[in-house]
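Undergrad: Quick one: sequence and predicted model below, then my questions.
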Amino acid sequence: MSDKRYIVAFEIGSSKIKGAVGVVDTSGTLNVLAVEEEQLVDSVRYGCIRKAQDVAQCIQRIATRLEACPALSPGKIKGCYVSLGGQSLMSSQTTIERKFSTETEITESLIRQIKEQARATGVPDRDTVAVLAREFVVGALPQRNPVGTFTDELKAELTMLYCRPQLKDNLNRVFSERLPIAINGYVIRQLAIASLVLTDEEKHLGCMLVDFGAETTTVSIYKNGALRYLATIPMGSRNITRDLTALNCVEKRAEEIKKVIGDVDPSNRFESQSTFEGLDNTEINNYINARAGEIITNIIEQLTYASVKADELPSGIVIVGGGAKLRGFNELLSTHSKMKVRRGSVTGPVRVSEHVNATDSIDVISLLAIASKLPPKQSVEFPVVVTPADEDDGDDNVSRIGMDDDDDFSSLENDDDDPHARRSEKKNDSRKSDRPRSRSFLEIIRGRVMNYLNEDNDDFYSDKDNDEK
C-alpha cells in the first residue's frame, strides 16, 4: 500500500449525505473507487447540521459500506475531508494597497502578508474561509500573478469567502465527539466543483456556475480566470416538491411525481403509468413552472449584484446539482438568461469506477480531487501484516511457519507417526549433534503434508493456524 494514497471525503447536503473513497497512484491520478449515499431529511437544513446524532449515525453507516469495498478492505477509515457550503456561504470584495519607498520585488511572502491583512478585516459574526486573488495592479498595469515583478506601488483586489461559525462547529460535534474519524481538512464545496467541472478557458472568458441543490442554489461567477462573485440563494428543488404536496400527497410521493412525470413546461404531457393514474399533468407542471421560474429569476438577478452583464460571460452557464435533472429546467434557464447552458461533468486527471455515477456524484468527487492535491494526511489505516522475519520465536535460526503455539522442535523432528520424518532421521543420523538440527520451511511443510495424506489430519488448516499466519 506504500505506493498509493487513499483519500476519503464526505459531502453533507440538505437531502442526502454522500461518502467517497479514492486512491492517488504514483502518477498523481485520482481513481474514484466507490461512492455511497443515504437520504436524510430535516437533519441538515440549508447546508447546516441540525441533528448531530442522526448525521453521525448516517456517516458511520456510509463509512462501513465504503470499508466493505473490495479495493479498500480490510482498511479502516480514520480520517476524511468534509465540505463547507450552504446558505451562510457568501463573498465580498476588498482592496489593499501597498506603497514602497523604492522599487521592490513582489514575492510570495508579500502576497501572503496582503492576504492575511485582508483576512483580519473580516466580517462580523462570520468565519473567513478563503481569501482569493482577483487581480493585482502593479504600478498602472493589471497582473494576474505579480510575483517576480518590481514596483513601488501595488494594489490587490481580493475576493473574500465567509460562512457562519456554526457550520464548522457542528461538523466538529459530529466527527470529533461522535465518530472515530478525524477531519483532515475542510474543502469549500463551490471552489472544489468549479475546479472539477470548469475549464481554464471558461474561467478566463467568463462563466456562471450554478449549483442547484435541494434547499439552496449557489451561484459563482468567474471572469479573467478568477472568482468574481459568490452568493447562495435559500431556494432549491425541495421548494418545488413541497409545492406539489398541495395536490394532497406527502412529500415523498410529491418528490416521486416531480422526478418521474414533472416538467417545467406545462404544455408537455407525460404518458401516464398505472402508479400515476388520475393525476393532472397540466396542474402538476403549472406548480413546477411557477417555482422554477422564481428560482431562475433569482439566479439571473445575481448578475446585477455582481455588476456583470450576460454578454460578459461568453462561456455561459454550467449547472450541477440534483435540481439540474428537472425536466426542462436548463432549457428554461437558457431562454430567460439568453445564455447557453450546459450540464457540468467530471474533467481533469480523474478516473471513476464503472460502478459510480460520475454526474450524480460530482460534489463528493470534487472533494476527493481537491484533497488529492493537498499535503498527504492519513485517511485509511490498514492492518500491519506480520512477516516470518518479524516474529519472535526465541530462536532466530528457526522458522515457526505452520507451527501451533504448543508445537516444539522435538515433536517436529521426532514425530513417530510421520514416515517421512523417520526416513529423514535415518538419513541424517551421521550428522546429529547434541542439539536437534533446525528444519527448513520446506521440510516442515513437506512433513505436515505427508502426515495429512496418511492420517487425514483436519487440524492442518485450523482457524488458529490461519489467524497466526
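TA: On my side now, so go ahead.

Undergrad: all helices for the chain, in order.
TA: Ranges of helices in the chain, per DSSP state H, are 52-67, 108-121, 165-178, 189-197, 200-205, 237-244, 251-260, 281-305, 329-337, 362-371, 409-413, 419-427, 441-455, 463-468.

Undergrad: how far does the first one sit from the chain's center?
TA: So that's helix 52-67. 14 Å (CA atoms, centre = their mean, to the nearest Å).

Undergrad: Give me the helices and strands touching that helix, please.
TA: strand 5-12, strand 16-24, strand 30-39, strand 76-77, helix 165-178 (3 or more CB pairs under 8 Å, 6 or more residues apart in numbering; DSSP states H and E). Yep, even glycine has a C-beta here, placed from its N, CA and C like the rest.

Undergrad: tilt between that helix and strand 30-39?
TA: 140 degrees (axes from the mean of the first three to the mean of the last three CA atoms, to 10 degrees).

Undergrad: Give me the residues contacting helix 52-67.
TA: Residues outside helix 52-67 that contact it (CB atoms under 8 Å, 6 or more residues apart in numbering): 8, 10, 12, 17-21, 34, 36-38, 40, 43-44, 49, 72-73, 75-77, 170, 173-175, 177-179, 181.

Undergrad: Buried ones from the residues you listed, can you make that a ChimeraX selection?
TA: Typed into ChimeraX, the line below selects the buried ones among the contacts of helix 52-67, using 16 or more other CB atoms under 10 Å:
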select :8,10,12,17,18,19,20,21,34,36,37,40,43,44,49,72,75,77,170,173,174,175,179,181
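
Undergrad: Can you check which of the helices and strands packed on helix 52-67 gets nearest to Leu141?
TA: Ranking the helices and strands packed on helix 52-67 by proximity to Leu141 (CB to CB) places strand 30-39 first, at 37.5 Å.

Undergrad: Strand 5-12 and the closest one, what's the angle between them?
TA: Using the same axes, to 10 degrees: strand 30-39 against strand 5-12 is 30 degrees.

Undergrad: partners of Val32 in the sheet?
TA: Gly22, Val352 (DSSP bridges).

Undergrad: Contacts only, for it.
TA: Here Val32 is in contact with 20-22, 350-353, 356, 358, 361, 365, 368 (criterion: CB under 8 Å, 6+ apart).

Undergrad: hang on, the earlier thing: do you know which of the helices and strands packed on helix 52-67 lies nearest Ala310?
TA: strand 5-12 (30.3 Å).

Undergrad: Next, count neighbours for Asn357.
TA: Neighbour count of Asn357, defined by other CB atoms under 10 Å: 9.

Undergrad: which phi and psi does it have?
TA: phi -80, psi 100 (degrees, to the nearest 10).

Undergrad: Tally up the residues packed near the closest residue in space to Val308 that isn't next to it in sequence, please.
TA: Nearest residue to Val308, sequence neighbours excluded (CB to CB, 6 or more residues apart in numbering): Ile221, at 5.9 Å. Look at Ile221: counted by other CB under 10 Å, it has 22 neighbours.

Undergrad: Asp54 now?
TA: By other CB under 10 Å, neighbour count at Asp54 equals 17.

Undergrad: For Leu40, see how far away it is.
TA: Here Asp54 is placed at a distance of 7 Å from Leu40 (CB to CB, to the nearest Å).

Undergrad: now do Ile111
TA: For Ile111, the distance to Leu40 - CB to CB - is 41 Å.

Undergrad: Could I have the buried ones of the contacts of Val32 as PyMOL selection syntax?
TA: Under the burial definition 16+ other CB under 10 Å, those of the contacts of Val32 that qualify are selected in PyMOL by:
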select buried, resi 20+21+22+350+352+356+358+361+365+368
